[in-house]
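Enquirer: all I have is the shape, not the residue letters:
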């Protein structure tokens, strides 16, 4: 079986995709599945009213595989139905601590063997993501270490996401010729401005407190305070989300903030250049900016990654803006079937994860400028894959029900300044900086970081006029 992806022969490619997966994945449509969970890489712990999942695959930095997904799902359902479980925690152990994401080498090996477990992984993980996003029991993910790529499925859609000084977040899929999953196309577009597109396309890292200000995490707590936090949660006899929010805030130790995430000038460039719908346009926009080290490094990074992965990722992010979580999960599952039989996925994973020493992948096509955007749209988005994703529950969401536990987004602040938010219909928009700060401090119940975030957004995105603050639409 050849994994070459030839744009000139789209019909041939689609027939190849159908023949490759259709026979081997007929079991995907069956309700009877072999639930062998294999080695015990996820530990379950009960402590008073708390329940914990502990990722424990240290030799692989807690990279996720099918047995781990199957380990979590049934127990998660049982704990969510239990009256004794007041809170559910997800954390990792070992040098990677949380997780470096999907075990792409394992997935590639199974795909090469035409083993349908390669697709089962993404099918069952999508079901787990949906289950995690709709839990009745409060769920807390402790991101004390790597939280990369597909690991987002275990935390991104959760009400409480704890970052520490050890947290490292990134979306490295494009460097592997792969595609994001776990509802990333739903989560990332909800970040401020074009931050989601920038992170997904470049694979740039966010560390520590920057993950909090960017909206990846809902709280920032020092790593050495996490054990005490766990002890407090274990003793908690309430499953009220608002009470848990106050408990978490009690463990937040305010730290001096020199800047909120990226410097203002970099944020402006990100929003200005990553707003386009094709990667060549983004590269052209970056080229027109004043040359800086950051600009040169960003262009170099984009030019080094899989052109196909980049353009498909960008298209999916744009579509995800108006889609529900379940719609995004179904789109991602469709796209993953296509990626698993393409040259770039096997080349990227082999070059980066299997080759000793690591080598530079040879992408096909080699350059983003050789990519035919119409072919990308037709092959990846217009032609369905052989298998559709069926989720176990009809429950869906268009927005996060517990967004109030996070910092306010740039869009939240814009609605307050412009008065477009429904809550400003009677009294009108907020025209003074102090009023905006007071509004968000009250609505977020004194949450630490709100003042810093709101001030940063107001300084970057508003203009002072005789009529008060006005949102600057030119930035």
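Expert: Nice, thanks for sending it over. Keep in mind the model is a prediction, meaning the values are calculated, not measured.
Enquirer: pLDDT weak spots in the stretch 1-150 of the chain?
Expert: Along the stretch 1-150 of the chain, the parts satisfying pLDDT under 70 run over 1-38.
Enquirer: give the contact list for the residue lying closest to residue 49 once chain neighbours are set aside.
Expert: Nearest non-adjacent residue to residue 49, counting by C-beta to C-beta, 6 or more residues apart in numbering: residue 86, 3.9 Å away. Using the backbone N, CA and C atoms, a C-beta is placed for each residue, glycine as well. Counting by C-beta atoms under 8 Å, 6 or more residues apart in numbering, residue 86 touches 49, 50, 137, 138, 236, 237, 238, 239.
Enquirer: do that again at 7 Å, thanks
Expert: The contact partners of residue 86, by C-beta atoms under 7 Å, 6 or more residues apart in numbering, come to 49, 50, 236, 237, 238, 239.
Enquirer: also residue 143?
Expert: By C-beta under 7 Å, 6+ apart, the residues touching residue 143 are 98, 155, 161, 162, 163, 164, 167, 217.
Enquirer: now the two most distant members of those.
Expert: Farthest pair in those (C-beta to C-beta) is 155 and 164. Separation: 13.0 Å.
Enquirer: between those two, which one's more packed in?
Expert: residue 155 (27 against 24; other C-beta atoms under 10 Å).
Enquirer: in contact with the residue lying closest to that one once chain neighbours are set aside: list those residues for me.
Expert: Leaving aside its chain neighbours, residue 155 sits nearest to residue 141 (3.5 Å; criterion: C-beta to C-beta, 6+ apart). Applying C-beta under 7 Å, 6+ apart to residue 141 gives the contacts 90, 154, 155, 158, 161, 162.
Enquirer: make a markdown table out of the contacts of residue 143 and add distance to residue 112 and secondary structure.
Expert: Putting these into a markdown table (distance: C-beta to C-beta, whole Å; DSSP: H, G, I helix; E, B strand; the rest coil) gives the following:
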| residue | distance to residue 112 | secondary structure |
| --- | --- | --- |
| 98 | 28 | coil |
| 155 | 30 | coil |
| 161 | 35 | strand |
| 162 | 38 | strand |
| 163 | 36 | strand |
| 164 | 38 | coil |
| 167 | 34 | coil |
| 217 | 36 | coil |
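Enquirer: return the members of those residues classed as buried.
Expert: Buried residues within the contacts of residue 143, counting neighbours by 16 or more other C-beta atoms under 10 Å: 98, 155, 161, 162, 163, 164, 167, 217.
Enquirer: what residues are up against the first one?
Expert: Meaning residue 98. Counted by C-beta under 7 Å, 6+ apart, residue 98 has contacts 55, 62, 91, 92, 143, 144, 145, 146, 147, 151.
Enquirer: could you rerun that using 10 Å?
Expert: Contacts of residue 98 were listed using C-beta atoms under 10 Å, 6 or more residues apart in numbering, and they are 55, 61-62, 90-92, 141-148, 151, 154-155, 164, 166-169.
Enquirer: and what of the fourth one?
Expert: Residue 162 makes contacts with 89, 91, 140-144, 155, 212, 217-221, 223, 226, 229, 248, 251-252, as judged by C-beta under 10 Å, 6+ apart.
Enquirer: for the chain, which segments count as strands?
Expert: Shown for the chain, the strands assigned by DSSP state E span residues 42-47, 50-55, 87-92, 139-143, 146-148, 160-163, 168-170, 206-207, 219-220, 462-465, 468-471.
Enquirer: out of those, nearest to residue 350?
Expert: Here strand 146-148 is closest among those (C-beta to C-beta), at 19.0 Å.
Enquirer: quick one on the thing from earlier: just put the strands of the chain in TSV and tack on distance to residue 335.
Expert: Output for the strands of the chain, formatted as TSV (distance: least, C-beta to C-beta, whole Å):
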stretch	distance to residue 335
strand 42-47	27
strand 50-55	26
strand 87-92	26
strand 139-143	25
strand 146-148	19
strand 160-163	25
strand 168-170	20
strand 206-207	24
strand 219-220	32
strand 462-465	38
strand 468-471	35
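Enquirer: biggest separation within the contacts of residue 141, which pair?
Expert: Counting by C-beta to C-beta, the most remote pair of these is 154 and 162, 12.6 Å apart.
Enquirer: anything in contact with each of those two?
Expert: Among the neighbours of residue 154, those also in contact with residue 162 (C-beta under 10 Å, 6+ apart) are 91, 141, 143.
Enquirer: do a quick rundown of the helices in the stretch 101-250 of the chain.
Expert: Taking DSSP state H, counting those that start in this stretch to define them, one finds helices in the stretch 101-250 of the chain at 104-112, 117-133, 184-187, 195-202, 209-213, 226-235, 241-250.
Enquirer: next, the angle helix 117-133 makes with the first one.
Expert: The directions of helix 104-112 and helix 117-133 differ by 130 degrees, with axes from the mean of the first three to the mean of the last three C-alpha atoms, to 10 degrees as the criterion.
Enquirer: show me what helix 104-112 packs onto, helices and strands only.
Expert: If you count contacts as 3 or more C-beta pairs under 10 Å, 6 or more residues apart in numbering; DSSP states H and E, helix 104-112 packs onto helix 66-81, helix 117-133, helix 325-339, helix 343-349.
Enquirer: now do the buried residues in the first one.
Expert: Across helix 66-81, burial judged by 16+ other C-beta under 10 Å covers 66, 67, 68, 69, 70, 71, 72, 73, 76, 79, 80.
Enquirer: tilt between that helix and strand 139-143?
Expert: On the basis of the same axes, to 10 degrees, helix 66-81 is oriented at 140 degrees to strand 139-143.
Enquirer: ok, now the third one?
Expert: Here helix 325-339 points in a direction 50 degrees away from that of strand 139-143 (the same axes, to 10 degrees).
Enquirer: in the chain, what residue sits furthest out from the centroid?
Expert: residue 466 (41.0 Å; C-alpha atoms, centre = their mean).
Enquirer: how about the contacts of residue 143 in TSV, adding distance to residue 441?
Expert: Formatted as TSV, the contacts of residue 143 follow (distance: C-beta to C-beta, whole Å):
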residue	distance to residue 441
98	31
155	26
161	21
162	22
163	21
164	24
167	25
217	20
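Enquirer: that older thread, from residue 47, how far out is the residue nearest to residue 49?
Expert: 11 Å (C-beta to C-beta, to the nearest Å).
Enquirer: so what sits against both of those two?
Expert: The contact lists of residue 86 and residue 47 share 233, 234, 235, where a contact means C-beta under 10 Å, 6+ apart.
Enquirer: what's near enough to touch the second one?
Expert: This means residue 234. 45, 46, 47, 48, 49, 50, 51, 52, 86, 87, 89.
Enquirer: then the last one?
Expert: For residue 235, the set of contacting residues under the criterion of C-beta under 10 Å, 6+ apart consists of 47, 48, 49, 50, 86, 247.
Enquirer: buried subset of those residues?
Expert: The buried subset of the contacts of residue 235 - by 16+ other C-beta under 10 Å - is 49, 50, 86, 247.
Enquirer: tell me the domain boundaries of the protein?
Expert: Domain segmentation of the chain under automatic domain parsing yields 7-382, 407-471.
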